[in-house]
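Trainee: need coordinates for the following:
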Amino acid sequence: MKIYIVTGETSGDKHASNVVRELNKISKNQFRAWGGKNLESQNVVIDTNIKQKNYMGFWEVFKNGYQVLKDLERCKKNISDFTPDLVLLVDYPGFNLEIAKYTKENNIKHFIIYLQRFGLGSQTELRKLKNILMKCLLFFLLSRNTIKKEMLLLNILATPYLKI
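Mentor: As a prediction, the model looks like this:
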């Protein structure tokens, strides 16, 4: 299976590398990503290193707005060039919601993994998420044997109160 991963933060990179490690134990997969050193350590081909792409806070995003738009277009191109069977979007909600919209419009399966709380306080954000989600994949802290036997795919809407 060809899987493209998009992370934007070190924590997402770490969680995604754990997913890659477990998926490779189950079957042979081909991975490419926007990620960092953790994914690289799992032999994932890195299209863009997230070290230079992490913008925190309103001012940082505003100041780098043009670059963020260019990054979105480059990420979409990387995905279309790779022609994945699945796109795995880990954390990085603002950016990944746009990528999820793109994958849905182009009939590419995607899963969104949010392992932390994020701002779903506004009804607008909740509607956005509801409209573009195909499925949300949650990884619970399970034993390796359980993960090997079956992956937990849940049709859910994330809630800001959910803690994993």
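
Trainee: now do stretch 20-35, average pLDDT.
Mentor: Stretch 20-35 shows a mean pLDDT of 91 in the predicted model.

Trainee: end-to-end on that stretch?
Mentor: 12 Å (CA to CA, to the nearest Å).

Trainee: contacts for that stretch next, please.
Mentor: With CB atoms under 8 Å, 6 or more residues apart in numbering as the test, stretch 20-35 has contacts from 1-8, 13, 16-17, 39, 42-50, 53, 75, 78, 82, 84, 144, 147-148. Where you see a C-beta, it was placed from the backbone N, CA and C, and this is true even at glycine.

Trainee: if we use 7 Å, what do you get?
Mentor: With contacts defined as CB atoms under 7 Å, 6 or more residues apart in numbering, stretch 20-35 is touched by 1-7, 13, 16, 39, 42, 44-48, 50, 75, 82, 147-148.

Trainee: stretch 70-88 now?
Mentor: Counting by CB under 7 Å, 6+ apart, 1-6, 16, 19, 32, 34, 47, 53, 95, 98-99, 102-103, 108-111, 113 sit against stretch 70-88.

Trainee: can we see that at 6 Å?
Mentor: Applying CB atoms under 6 Å, 6 or more residues apart in numbering, the contact partners of stretch 70-88 are 1-5, 32, 34, 47, 98, 102-103, 108-111.
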